[in-house]
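J.: I need the structure of the sequence given here:
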Amino acid sequence: MPAFPPEIADFAGQFASLQEKRHKADYDPSHRLTRHAVITEIDTADLAIKRLQNAAIKHKRAFAVWTVMKRRE
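T.: Numbers count the residues shown, from 1 in each chain. Below you'll find the model as predicted:
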């Protein structure tokens with residue numbers, strides 16, 4: 001990932017982490033969550049979104065473009 005400001009990088013990391021947790025919750029019948037754990041994850045997502053909203057528009061645009069670009073290896 002290119003170098004983005006901390007609020008963008010944090011959002012990207014939290015998004016990926018929470019997406020993995022959601023998939024586990026959706027598709028792993030043995031996976032159990034406590035109410036406290038769920039509330040903590042919601043608070044984490046909320047904070048990451050708020051920090052993203054406060055990022056400079058030029059960085060948000062660059063991140064949006066980066067997310068849709070085809071990666072070449």
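J.: give me the number of residues near Ala48?
T.: Residues near Ala48, counting by other Cβ atoms under 10 Å, number 19. (C-beta placed from N, C-alpha, C; glycine too.)
J.: What score does the residue lying closest to it once chain neighbours are set aside have for pLDDT?
T.: Excluding its sequence neighbours, the residue lying closest to Ala48 (Cβ to Cβ, 6 or more residues apart in numbering) is Gln14, at 4.0 Å. In this model, Gln14 is scored at 94, pLDDT.
J.: same check, this time on the one 4 residues further on
T.: At Leu18, the model reports a pLDDT of 92.
J.: That one sits in which helix or strand?
T.: If you go by DSSP states H and E, Leu18 is part of helix 6-27.
J.: For that helix, which outside residues touch it?
T.: For helix 6-27, the external contacting residues (Cβ atoms under 8 Å, 6 or more residues apart in numbering) are 1, 4, 31, 33, 41, 44-45, 48-49, 51-52, 54-55, 59-60, 63.
J.: tell me which residues in that helix are buried?
T.: Buried residues in helix 6-27, counted by 16 or more other Cβ atoms under 10 Å: 7-8, 10-12, 14.
J.: so how far is that helix off the chain centroid?
T.: For helix 6-27, the separation from the chain centroid amounts to 4 Å (computed by Cα atoms, centre = their mean, to the nearest Å).
J.: C-terminal to that helix, what's the next element?
T.: Defined by DSSP H and E, the subsequent element after helix 6-27 is helix 35-53.
J.: would you put the C-alpha positions of the helix holding Leu18 in CSV?
T.: Taking Å, rounded to 0.1, in the frame of the first residue of the first chain, the C-alpha atoms of helix 6-27 are listed here in CSV:
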residue,chain,number,x,y,z
PRO,A,6,-2.3,7.7,9.5
GLU,A,7,-6.1,8.2,9.5
ILE,A,8,-6.3,6.6,6.0
ALA,A,9,-4.0,3.8,6.8
ASP,A,10,-5.8,3.1,10.1
PHE,A,11,-9.2,3.0,8.3
ALA,A,12,-7.8,0.5,5.7
GLY,A,13,-6.4,-1.7,8.4
GLN,A,14,-9.5,-1.7,10.5
PHE,A,15,-11.7,-2.3,7.4
ALA,A,16,-9.7,-5.4,6.5
SER,A,17,-9.6,-6.7,10.1
LEU,A,18,-13.3,-6.2,10.7
GLN,A,19,-14.2,-7.7,7.3
GLU,A,20,-12.3,-10.9,8.3
LYS,A,21,-14.1,-11.0,11.6
ARG,A,22,-17.5,-10.5,9.9
HIS,A,23,-16.8,-13.4,7.5
LYS,A,24,-15.9,-15.6,10.5
ALA,A,25,-19.1,-14.6,12.3
ASP,A,26,-21.1,-15.2,9.2
TYR,A,27,-19.7,-18.5,8.0
